[in-house]
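Visitor: sharing a sequence plus its predicted fold:
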Amino acid sequence: MKRSWLVTIASVVIMVPLLLLFVSIKENKADQKAINAVPDIKEFESRSSEWGKHFQREYDSYMKTRKSDEIKDVLKDEPALVVMWAGYGFAKDYNAPRGHYYALEDNINSLRTGGPVDAQSGPMPTACWTCKSPDVPRLIEKNGELDYYTGKWARFGGEIVNTIGCADCHDNKTMKLTATRGYLKQGLDAEGSLKYAEASHQEMRSLVCAQCHVEYYFKKTDWTDAKGEKKTANVVTLPWDNGLSAEAMEQYYDQRDFSDWTHAVSKTPMLKAQHPGYEMFVTGVHGKQGLSCADCHMPYVREGGVKYSSHQVGSPLENVANTCLNCHKGTEKEFRATVTRKLERKNELSRTAMSVLAKAHLEAGKAWELGATEAEMKPILQDIRHAQWRWDFAIASHGSFFHAPEETLRVLGSAINKGQDARLKLRSVLARYNAADYEAPDFSSKEKAQAIVGLPFGKLVEEKKVFLDGLKGQWFEDGKAKGVYDAKSREGMQLKTSYN
């Protein structure tokens, strides 16, 4: 009898955990089945909260990008940039990027987009919306690509009312990753090393990011609308025909005699790198080892038995144990020390390049003032153009010091060399006009730099405030009336700028 009781107790001890395990597995399978099911989401659904009804974990993690809300005025920290970008929008306002939750908000609030008073005013073209919202593909589908890229930025204020979200990267029918911007497919096919149609799922985990985190320019394209009216579109284009390196794209632009703007002081035909993160990433060890952007910026996480990709896109350093230390050895403290050293090296070279370039622009301005000829200045301006392009290519690729530290330092080194070449040539020109001892004015603060380049900062701020208090609000009301605005995409949003 005693023995039978012992057997019974042992059986219960064994069976209860097995039963609980069975129930857990069954529940997990139910969760995974729900996750893998394809929901009914309409085409061009730009409201991420509608997708979130079916993918709650991913949506909840995406909404956490609103925690990255700090405004960091880069021009205040690095006033040389005001001189380097004189005559271009970035000299007005340039902040460190915040979370995806704020992408549209920061685009609207930036002094770069101006203070339009109607759909036809303001300094920027419609193309400036392209990376900021899943509303863009809907407009391209509705009116055609050339129509979308035609006109002023303010033209679509009442249509583009949702920030970066689910529809930017996922097919609404299959949920597979997909490029929703045609220029990426065209750029890949032109470059040739990876055809879009042949991209694997792992490669797509980088390519959807590359829709925005790439170098691009606005290619002026003439076209005629249905009414026979001739128009010019500023079409987003990737300069990848010659390759993905800084030098290859520099050559691409030189061959086409393209410039983003003419520098207000030095009169240099300038290039502005956007954010060539993908191009820099593929040259580094992570890219060459087959990692994707999502492996580090959207790591897999578990809730119970459910595994999904976190959409709280941000720095891997915010979660080192679940990102970097999956591959790298050592402690978190040791790893962070290594990253800090890499960043310090990049910053040292970057600041050297900025000082050289700002002085080169100001010295070139002085040479023009003294009567220098175009023949004298042409090789100098070419050096300045190439030097600043290379500096910008390395720095505008956010995280380049970690993605590809060797390439970053190489490109920065070449920027310094070319900048110094320009200054040496300028010294000869200045001496020719009896100004060999000329020294560039002090640009050690944002305010001093703005005064040197003649930037009317106060006027720009006042114009922007009028816009923020009026037309901006009307745009979101228009979006509500059209049924495209997702109120949850701005839940708890507070106005934050560097100029308030």
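Guide: Structure received. Numbering: from 1, shown residues only.
Visitor: what about this structure, any weak spots by pLDDT?
Guide: For the chain, the stretches with pLDDT under 70 are 1-37.
Visitor: can you tell me which residues contact S310?
Guide: E58, S61, M298, P299, Y300, V301 (CB atoms under 8 Å, 6 or more residues apart in numbering). Placement of C-beta: from N, CA and C, glycine included.
Visitor: what about the third one, distance to S310?
Guide: Applying CB to CB, to the nearest Å, one obtains 6 Å for the distance of M298 from S310.
Visitor: same question, the fifth one
Guide: Taking CB to CB as the measure, Y300 and S310 are separated by 7 Å.
Visitor: after the helix or strand where L430 lies, which helix or strand is next?
Guide: Assigned by DSSP states H and E, L430 falls within helix 405-432. Going down the chain from helix 405-432, the next helix or strand is helix 446-453, by DSSP H and E.
Visitor: next helix or strand past that following helix?
Guide: helix 457-469.
Visitor: about what we covered before: filter the contacts of S310 to the buried ones?
Guide: E58, S61, M298, P299 (16 or more other CB atoms under 10 Å).
Visitor: residues near the closest residue in space to K288 that isn't next to it in sequence, how many?
Guide: Of all residues not flanking K288 in the chain, V282 sits nearest, at 7.6 Å (CB to CB, 6 or more residues apart in numbering). Close neighbours of V282, defined as other CB atoms under 10 Å, add up to 18.
Visitor: same check, this time on L244
Guide: Quick note: L244 (other CB under 10 Å) scores 21 neighbours.
Visitor: now do the phi/psi pair for it.
Guide: Torsion angles at L244 (phi, psi; degrees, to the nearest 10) stand at phi -100, psi 0.
Visitor: show me the contacts for it.
Guide: Contacts of L244 by CB under 8 Å, 6+ apart are E191, E279, V282, T283.
Visitor: any chance of those in CSV with distance to L184 and secondary structure as columns?
Guide: As requested, the contacts of L244 are exported to CSV (distance: CB to CB, whole Å; DSSP: H, G, I helix; E, B strand; the rest coil):
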residue, distance to L184, secondary structure
E191, 11, helix
E279, 12, helix
V282, 14, coil
T283, 18, coil
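Visitor: could you dump those residues into a markdown table with distance to K425 added?
Guide: Shown next, in a markdown table, are the contacts of L244 (distance: CB to CB, whole Å):
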| residue | distance to K425 |
| --- | --- |
| E191 | 34 |
| E279 | 30 |
| V282 | 35 |
| T283 | 31 |
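Visitor: element containing R57?
Guide: Element membership for R57 (DSSP H and E) is helix 56-63.
Visitor: name the helices or strands packed onto whichever helix or strand comes after that helix?
Guide: Going down the chain from helix 56-63, the next helix or strand is helix 74-77, by DSSP H and E. Here helix 74-77 touches helix 80-84, helix 446-453, going by 3 or more CB pairs under 8 Å, 6 or more residues apart in numbering; DSSP states H and E.
Visitor: most surrounded residue in the contacts of L244?
Guide: E279 (30 neighbours).
Visitor: OK, contacts around that residue?
Guide: V214, E215, L244, S245, M249, S397 are the contacts of E279 under CB under 8 Å, 6+ apart.
Visitor: quick one: which of these is nearest A86?
Guide: Distance ranking of the contacts of E279 against A86, using CB to CB, places E215 first at 21.5 Å.
Visitor: distance check, that closest one against E279.
Guide: Taking CB to CB, one finds E215 at 6 Å from E279.
Visitor: how about D437?
Guide: 42 Å.
Visitor: try A487
Guide: 37 Å.
Visitor: all strands of the protein, in order?
Guide: Assigned by DSSP state E, the strands in the chain fall at 217-224, 230-237, 261-262, 269-270, 300-303, 306-309.
Visitor: thanks a lot, see you next time.
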